[in-house]
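Mind folding the following:
(one chain, ligands or ions: 2)
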Amino acid sequence: MRCPACGSELAEMVVADLRVDVCRGGCGGIWFDHRELAKVDDREESAGESLLDVERSPDIKVDHGEPRICPRCGPPHTMTRHFYSPRREVEVDECSRCEGVWLDPGELATIRVQFADSAERQAEFRRYLDRMRQDAEEQMACEFGPPPPNGAPLPQSESLETPSLPLLLVRIFRFL
Ligand SMILES: [Zn+2]
Ligand SMILES: [Zn+2]
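Ligands and ions are numbered 1, 2, ... in the order given. You can find the predicted model right below:
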């Protein structure tokens with residue numbers, strides 16, 4: 001597989017029960033197939049420590065602006081850049097087709113210090129969903145006013161459309 005960031009050939013690296021693909025001697029990025037990253041993304045998952053320092057060439061600079069091709073699926077499948085957690089500190093490249101994730105150097109280290117373990121990570125995610133739901137309820141109350149008293153007619157159907165709902169869903173699914 002070719003590195004999606006610098007084009008070098010990726011090398012397989014075995015860490016505990018994981019086989020990841022690293023851009024060793026290139027840009028130093030790491031490719032995780034579906035669900036692999038979840039096994040090393042918290043501080044207490046010690047297997048991830050050996051992935052923090054992939055040897056890289058100082059001469060290779062990567063461009064974060066261009067959409068990247070998924071190394072697993074190949075062209076024309078580009079990856080989407082999105083935040084890895086509700087803390088919005090690290091943006092990762094993810095392929096919506098194979099659900100693999102590409103990390104640039106340094107990103108794994110930042111991801112790993114955010115949460116001690118997966119319970120903490122999930123708790124943060126639940127708080128985020130609760131906040132989203134609360135925001136949505138408040139927004140509905142602003143747009144439509146308080147619910148009508150018993151017996152009053154319901155609002156006209158056109159005002160029942162909630163333009164913010166797709167946006168809300170996008171915001172939620174970014175972190176799943
Ligand atoms: Zn590379
Ligand atoms: Zn893919």
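
tell me the mean pLDDT for stretch 103-113?
Regarding stretch 103-113, the rounded mean pLDDT is 94.

Also stretch 49-59?
pLDDT averaged over stretch 49-59 equals 93, rounded to a whole number.

Likewise for stretch 22-34?
If you average the pLDDT over stretch 22-34, you get 97.

gap between the two ends of that stretch?
Using C-alpha to C-alpha, to the nearest Å, the gap from the first to the last residue of stretch 22-34 comes to 15 Å.

The residue nearest to Pro75 when sequence neighbours are not counted: how many residues sit nearby?
Closest residue in space to Pro75, ignoring its immediate chain neighbours: Ile69 at 5.3 Å, by C-beta to C-beta, 6 or more residues apart in numbering. Backbone N, C-alpha and C define where each C-beta goes, glycine included. One way to gauge burial is a neighbour count; for Ile69, by other C-beta atoms under 10 Å, it gives 18.

do Glu137 as well
Based on other C-beta under 10 Å, the number of other residues close to Glu137 is 10.

Give me the buried positions along the helix or strand where Glu124 lies.
Counting by DSSP states H and E, the element that carries Glu124 is helix 118-144. Taking 16 or more other C-beta atoms under 10 Å as the neighbour-count basis, helix 118-144 is seen to contain the buried residues 121, 125, 128.

Distance from it to the middle of the chain?
From the chain centre to the centre of helix 118-144 is a distance of 18 Å (C-alpha atoms, centre = their mean, to the nearest Å).

go on, stretch 96-105?
Centre to centre, stretch against its chain (C-alpha atoms, centre = their mean), the figure for stretch 96-105 is 9 Å.

Kindly report the domain assignment for this structure.
If you go by automatic domain parsing, the domain ranges for the chain are 11-114, 118-173.

how about those, which one is nearest ligand 2?
Distances from ligand 2 to each of these were compared by C-beta to the ion, and the smallest falls on domain 11-114, at 3.1 Å.
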